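Participant: generate a structure from the sequence data that follows.
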Amino acid sequence: MVSRSRTRVDAHVKVLDDRVVARAKERGIDALVYAPHFTRLPTLRERADRFSDDDLTVVPGREVFTGDWGNRRHLLAIGLSEPVPDYITFEGAMAEFERQDAAVLVPHPAFATISLTRPELAAHDARVDAIETYNTKLLAHQNGRARDIADDLDLHGFGSSYAHLRPTVGEAWTAFEGDLPDEAAIVEAFREGRPRSVVHRGGIDHRLRGLVEFGHLAYENTWAKAERLFLSGEEPTLPSNVVYEGRFDDVAVYE
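Facilitator: A predicted model of the protein is given here:
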């Protein structure tokens, strides 16, 4: 593997297959953080290992839904060693991330009703390693608001394509100084606040890809999708699933 002076990390994608890997490499991306919804850590890690090679590191991440569906706050954790379910309290999730020494990233801050607000971030800034200051899916004023929050609270930023659709991969990234050759180095870079810049592609094509992704939100946030998750209690990331052995019963928001 050739040592790099900078490492380009697309820090949050929802899709991963051979076409995604090819797309990332074509666009000069060195690492992807793969964090699809409602997928347990062992599955994430197996897929990340399968698609990683000398030219691209895939880091498994968990975007955990804290709170109930109508009041959820998303937290993106990387560097986890044990599974963490969705639909647990914010404090329960943060305590587990801290126990596992994971890096805690905040996606799409202050967006809609699914993100940490500015007051919430101000109250917990010492527990957050970075907030997303550029997300391809979001509109310009929404990304501008995120940058303002990061500046006001002196928080590190990160950028991502937030790709739910394959063509969006590599539209934005976090460029760290120095060579980050593997998952551990990438997690440490976020946790230590390593110098970085947030970069995105430009032009009409980039804007159109963002608008297509934004339109995809209509599917991502329907109650129909939520209802599918609560049919049996056997869904993989509900805290009631037997795989968690009751460890999160005291912080679960659904019985």
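Participant: rest of the way, CA atoms for contacts and neighbours
Facilitator: Will do.
Participant: what does the host helix or strand of Val58 rub up against?
Facilitator: Element membership of Val58 [criterion: DSSP states H and E] is strand 57-66. With contact meaning CA atoms under 8 Å, 6 or more residues apart in numbering, strand 57-66 is reached by 30-37, 39-41, 44-45, 48-49, 51-52, 72-80, 84-90, 93, 181-183.
Participant: can you list contacts of stretch 115-129?
Facilitator: Outside stretch 115-129, the residues within contact range by CA under 8 Å, 6+ apart are 72-74, 94, 103-111, 149, 153, 155-156, 190-193.
Participant: change it to 10 Å
Facilitator: With contact meaning CA atoms under 10 Å, 6 or more residues apart in numbering, stretch 115-129 is reached by 65-66, 71-75, 77, 94-95, 97-98, 102-111, 131, 145-146, 148-150, 152-158, 189-193.
Participant: one step back: show me the contacts of strand 57-66 that map onto strands.
Facilitator: Counting by DSSP state E, these place 31-34, 73-78 in strands.
Participant: could you count how many residues lie near the closest residue to Gln100 other than its chain neighbours?
Facilitator: Excluding its sequence neighbours, the residue lying closest to Gln100 (CA to CA, 6 or more residues apart in numbering) is Leu80, at 6.1 Å. Counted by other CA atoms under 10 Å, the residues lying close to Leu80 total 20.
Participant: before we move on, what about Thr113?
Facilitator: Going by other CA under 10 Å, the residues that sit close to Thr113 add up to 14.
Participant: Arg194 versus that one, what's the distance?
Facilitator: Distance, Thr113 to Arg194, by CA to CA, to the nearest Å: 30 Å.
Participant: ok, Val20 next?
Facilitator: 27 Å.
Participant: these two: who's more crowded?
Facilitator: Val20 (21 against 13).
Participant: confirm that one sits in a strand?
Facilitator: No - assignment of Val20 by DSSP: H, G, I helix; E, B strand; the rest coil gives helix, placing it outside any strand.
Participant: just give me the neighbour total for the closest residue to it other than its chain neighbours.
Facilitator: Leaving out its chain neighbours, the residue that sits closest to Val20 by CA to CA, 6+ apart is Arg166, at 5.8 Å. Residues lying near Arg166 (other CA under 10 Å) number 17.
Participant: for Arg166, give me its contacts.
Facilitator: With CA under 10 Å, 6+ apart, Arg166 has these contacts: 13-17, 19-21, 23-24.
Participant: correct me, but Arg191 touches Glu98?
Facilitator: No - contact criterion CA atoms under 10 Å: Arg191 and Glu98 do not qualify, at 11.4 Å.
Participant: list residues touching both of the two?
Facilitator: Joint contacts of Arg191 and Glu98 (CA under 10 Å, 6+ apart) are Val104.
Participant: more neighbours, the two?
Facilitator: Taking other CA under 10 Å, Arg191 and Glu98 do not tie; Arg191 has more neighbours (20 against 13).
Participant: look up how far Ala184 lies from that one.
Facilitator: 10 Å.
Participant: what does Pro85 give?
Facilitator: 22 Å.
Participant: equivalent analysis for Thr89, please.
Facilitator: Thr89 is 27 Å from Ala184, by CA to CA.
Participant: one more: Leu138?
Facilitator: Taking CA to CA, one finds Leu138 at 29 Å from Ala184.
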